[in-house]
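Novice: Below are the sequence and a predicted model; questions follow.
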Amino acid sequence: MRFYVLGLGPIGCLLAHNLRSVLPRTHPVTLIQKTAKQAWTPQNVAAKITVENQGIRQSTDGFDIEVFDKHSGSGGGVRFNPKLSREESAGFTPSDGDLRTEPIDALFITTKAHSTAPALSHLAPRLTSRSTVVLLQNGMGLYEDLVQRIFRNPESRPHFILASNTHGAWLKSAFHVVHAGIGDITFGIVPDSRKRDFETSMADESKPLYERSLVLDDITHPDDPSFDQYRSLRHTVAVLRSLDALGCKWSPITEVQLAMRKKLVVNAIVNPLTAVLGCRNGGLFKDESSQNMMRSVCEEAAAAFCAQIEADTQSWLDSLAPSVDKSQVPVGRVPKELGVDALEREVLRVTHVTRGNMSSMLSDIRKNNPTEIDFLNGYLVRLGEQYNIPMPVNRALVQLVKMRCSIPIDQTF
């Protein structure tokens, strides 16, 4: 089975390195580059990724590299040929025999949130209902955006895995990543459009709650008549669980959503404030004004999450049979981790741990790149609109970041 990685920034390289480290060579790991010019680097010619942690370097090689092909409308890619020079690679026109158009079994995406939909639009012809897509981005609302824009038909929609990452990493050079902060990755499977329950074992009442765990056979097993439909999903989950160095944990999707909401609030405060103020993470919350801003974003987010959870719970209750006693179900029980005070503590904790870091949004602005603001505070604003929750501070932060992006960095004083 071939595993593709799209998005070769620090997290993408870190993930690809660990995939190649644990997978037998019979399972290729293919790195996707946008253009041949981008693909042509000494590291690519050697097909090698280096990861550095506390001064210790480890390298993996043996990657395939595939380049988006501008000549193909079928989602095809061209296998990178390291024997060509940079100029020859940039001007290379592939023949039909050079194109890879076979279906993609598993695709890990670590691109910026705003770049994901355009990239998946290109690859969509190669993604089938048997494919598995792993989303590893900041922010929320991306899966819903992809369903709305690309994968409207649930019968042909790939399996999706959502993941929340807390590792810190940055690129020293192309394909040389510094693993600066050890974290973990929590992932879960989006509910199946065909109604298969991937979390059946969590409802096993013959075991106490603390002994229950998710098992691969709940996804599929070799004797399952639908094994081919879910094969790539089972194998992708198994591979993720084997990435011990990244602390990967398969969790129920509700727990993943909790982790994603907590991370969203942290990013919705730290990223825009550091981007607008031009400071590192540790420069925040030393004054009353930035503390008040943090409190306001946490209050708005907590109110929106509460309204969303209440609505989702009520929708679930409405779907139950009339014979079910609904009076015993607590409507809208919000996890304590999503309370205002708990969210504030999480923001302060992460800010302290990453106090020396430059946020990704500040880095994007300094490089004149688009930011992920629409999937951070923008997502919270849309959530507030959906449930009639005012979002004045989040709305203001969206506008401030977009104003900051519109001013060339060299025109500031």
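Specialist: Perfect, thanks for sending it.
Novice: can you pull out the strands in the chain?
Specialist: Here the chain has its strands, by DSSP state E, at 3-6, 29-33, 48-53, 56-61, 64-68, 77-79, 99-100, 106-109, 132-135, 159-165, 168-173, 176-181, 185-189, 248-250.
Novice: now for the ones you listed, which one comes closest to Asn388?
Specialist: The closest of the strands of the chain to Asn388 is strand 159-165. By C-beta to C-beta, the value is 26.3 Å. Where you see a C-beta, it was placed from the backbone N, CA and C, and this is true even at glycine.
Novice: what's that closest one in contact with?
Specialist: Outside strand 159-165, the residues within contact range by C-beta atoms under 8 Å, 6 or more residues apart in numbering are 11, 129, 131-136, 143, 183-190, 192, 230, 232-233, 236-237, 240, 253, 256-257, 259-260, 263.
Novice: hang on, the earlier thing: going by mean pLDDT, which of the strands of the chain comes out lowest?
Specialist: Sorting the strands of the chain by mean pLDDT places strand 77-79 lowest, at a mean of 75.
Novice: Centroid-nearest residue for this structure?
Specialist: Per C-alpha atoms, centre = their mean, the C-alpha nearest to the average position across the chain is that of Leu136, at 1.7 Å.
Novice: Show the contacting residues for that residue.
Specialist: Counting by C-beta under 8 Å, 6+ apart, the residues that Leu136 touches are 11, 15, 108-110, 163, 165, 185.
Novice: again, 10 Å this time
Specialist: Applying C-beta atoms under 10 Å, 6 or more residues apart in numbering, we find Leu136 in contact with 5, 7, 11-12, 15, 108-111, 161-165, 185, 187.
Novice: And these, which two are furthest apart?
Specialist: Val5 and Ser164 (18.0 Å).
Novice: Go through the contacts of Leu136 and name the one nearest Gln148.
Specialist: Leu162 (16.0 Å).
Novice: Any figure for the gap between the closest one and Lys34?
Specialist: Counting by C-beta to C-beta, to the nearest Å, the separation of Leu162 from Lys34 is 24 Å.
Novice: Look at these two and report which has more neighbours.
Specialist: Neighbour count, other C-beta atoms under 10 Å: between Leu162 and Lys34, Leu162 has more, with 22 against 16.
Novice: how much space between that one and Thr60?
Specialist: To Thr60, Leu162 is 26 Å away according to C-beta to C-beta.
Novice: follow-up on the earlier one: list phi and psi for the residue nearest to the centre of the chain.
Specialist: Leu136 has phi and psi values of phi -130, psi 80 when expressed as degrees, to the nearest 10.
Novice: Filter the contacts of strand 159-165 down to the buried ones and hand me the ChimeraX line.
Specialist: Those of these that count as buried under 16 or more other C-beta atoms under 10 Å are selected in ChimeraX with:
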select :11,131,132,133,134,135,136,143,185,186,187,188,189,190,192,230,232,233,236,237,240,253,256,257,259,260,263
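Novice: So Glu211 sits against Asp204, correct?
Specialist: Yes: between Glu211 and Asp204 a contact is recorded at 8.7 Å, counting by C-beta atoms under 10 Å.
Novice: Which of the two has more residues huddled nearby?
Specialist: Ranked by neighbour count (other C-beta under 10 Å), Glu211 and Asp204 place Asp204 first, with 13 against 8.
Novice: Nearest spatial neighbour of that one, chain-adjacent residues omitted?
Specialist: Excluding the flanking residues, the one nearest Asp204 by C-beta to C-beta, 6 or more residues apart in numbering is Arg212, at 5.8 Å.
Novice: Provide a list of residues in contact with that neighbour.
Specialist: Here Arg212 is in contact with 199, 201-206, 252 (C-beta under 10 Å, 6+ apart).
Novice: Which of the residues you listed are buried, as a PyMOL select command?
Specialist: In PyMOL syntax, the buried subset of these is picked out as below (16+ other C-beta under 10 Å):
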select buried, resi 199+202
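Novice: Give me the distance between the residue lying closest to Leu8 once chain neighbours are set aside and Asn18.
Specialist: Counting by C-beta to C-beta, 6+ apart, Leu8 lies nearest to Leu31, which is 5.9 Å off, once chain neighbours are set aside. To Asn18, Leu31 is 13 Å away according to C-beta to C-beta.
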